[in-house]
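**Q** test case, fold it:
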Amino acid sequence: SVDPEQGRRDLTVLEALDNAAARIGDRFRGRPRVEAAIRLTLGSTYLGLGELASADPHLVRALALFEGELGTDHPDSIAALHRLGHLRQVQERLDEALSHLEDARARAERVLEPTDPEIIGIENLLGIVYRERADYTEAESHLLRALELQVGTYGEETAETLMILNNLGNLCFHDDRIEEAERWYARALPLGERLHGPDSHRRMQTLSGIGLIHNSEGRDAEAEPLFRKVVEISTSSYGPEHPRTLRAMGRLATSLSALGRLEEAEDLARITHERRRGQLGELHSDTLHSLEQLGQIQVARGHYREAQTSFEAAIAGLGEVRGPEHEDTLGARLSLATVYSRTRQGGAARTIHEEVYEIRARVHGEDDPRTWAAAGRLARSLLSARELDEAERLARLASEGLARERGLDHVDTLNARQTLGEVY
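**A** Reported below is the predicted structural model:
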């Protein structure tokens, strides 16, 4: 079958796929297994090219045909269900993705060897889905199992090992375990170069992950060339409108903004958002993240009214897609609070900071860097309202906790220490 990771978004390839899909019709009447195999190949290739709407009917039909002809536990049926689960994950229909993948894993464990690549692939994808649901503990268990099976059976020097290492790095980054993320990427970086060379599209996830860590540590001058390299590789490999290219463009825009190249950053962010909206729809999280990013650049340029509009739309969408207490939604709300603070709407900013602090303390616990960061932001709002005793308590809590976990030079630590100093 076609590996979607190798798909290239090339017009002639899309034309060939569309022509092949148009000719299926009743051509294979009486030969359902042949039709199923062709549809699985077409759907997988469309998925790899980011053509999700085109992939959908082929993968659904392939699964129905395989199950009807071969039964639900046949390896071909399991492969089709796995691929449909992958599509649902990319479409952000996560409940369906989880249902398909858990079902595929149960079937695979009944009929396949424990070290079969199908089982390893399902475990890896389950890890991604649980990470996107912000269930980091469950996500890590699946990814570590996938890594153990892959390395133990096939060795370290495989493309599948590289993919799982990158996914573990991404998981740890999102769970605010930056040092662990760095260790996974440090293992992935030389492996990717040994396997694929310095300019392969298979190294993009590693380079992007390292760039995100640099961003989080305020090392934007180091992140910018990494993201620019990823944009170049992705554009060459997949085309300018592929979701991976657009993701890389968005990250490059963030670095450009941090470096003060605001006009260039806004132009790139606007292009990214428009392409994502056209390709993925208004309510895909990638579209909403790019809208929030555009708002952040608008804030940096002093365009507060436009930024408020961008943030409000992003919050509404993320609340619907991710949920009101998801970190993505909370991040967008904090961005809106920045607009309120800079436009003399201190009461509205304080309300957001109080609610985010309460949610993080309840969800993550009091002794968590995300909660401490929220405490530092709330302390700043209380300082502005001259509520000095509570501002001092929260700023001290934030500065001490963040200094231990993120270091004295981290931007959140510095902000909390600045607030504490201003209280005095």
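
**Q** next up, the contacts around the residue most central in space within the chain.
**A** Nearest to the geometric centre of the chain sits Glu132, at 7.1 Å (C-alpha atoms, centre = their mean). For Glu132, the contact set (C-beta atoms under 8 Å, 6 or more residues apart in numbering) comprises 89, 92, 94. Backbone N, C-alpha and C define where each C-beta goes, glycine included.

**Q** residue contacts, the first one?
**A** Spelled out, it's Gln89. 97, 101, 125, 128-129, 132.

**Q** likewise for the second one?
**A** Taking C-beta under 8 Å, 6+ apart as the criterion, Glu92 is in contact with 132, 284-285, 321.

**Q** could you rerun that using 6 Å?
**A** Applying C-beta atoms under 6 Å, 6 or more residues apart in numbering to Glu92 gives the contacts Ser285.

**Q** isn't Ala314 up against His289?
**A** No: judged on C-beta atoms under 6 Å, Ala314 makes no contact with His289 at a distance of 7.6 Å.

**Q** between the two, which is the more surrounded one?
**A** Ala314 (27 against 21; other C-beta atoms under 10 Å).

**Q** so what's the more buried one up against?
**A** 288, 291-292, 332.

**Q** what helix or strand does it sit in?
**A** Using DSSP states H and E, Ala314 sits within helix 304-321.

**Q** looking at that helix now, give me its mean pLDDT.
**A** Averaging pLDDT along helix 304-321 gives 96.

**Q** what of stretch 279-288?
**A** pLDDT averaged over stretch 279-288 gives 90.

**Q** for that stretch, what is the distance to the chain centroid?
**A** Relative to its chain's centre, stretch 279-288 lies at 13 Å (C-alpha atoms, centre = their mean, to the nearest Å).

**Q** now stretch 291-311
**A** The answer for stretch 291-311 is 21 Å, by C-alpha atoms, centre = their mean.

**Q** can you mark which positions in that stretch are buried?
**A** Neighbour counts using 16 or more other C-beta atoms under 10 Å place 291-299, 303-304, 306-308, 310-311 of stretch 291-311 among the buried residues.

**Q** equivalent analysis for stretch 48-63, please.
**A** 48-52, 54-56, 58-59, 61-63.

**Q** adding pLDDT, secondary structure and distance to Ala248, write those residues out as CSV.
**A** Formatted as CSV, those follow (pLDDT from 0 to 100; DSSP: H, G, I helix; E, B strand; the rest coil; distance: C-beta to C-beta, whole Å):
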residue, pLDDT, secondary structure, distance to Ala248
Gly48, 88, helix, 17
Leu49, 85, coil, 16
Gly50, 84, coil, 13
Glu51, 87, coil, 19
Leu52, 90, helix, 19
Ser54, 92, helix, 23
Ala55, 94, helix, 22
Asp56, 95, helix, 25
His58, 95, helix, 27
Leu59, 97, helix, 26
Arg61, 95, helix, 33
Ala62, 96, helix, 31
Leu63, 98, helix, 32
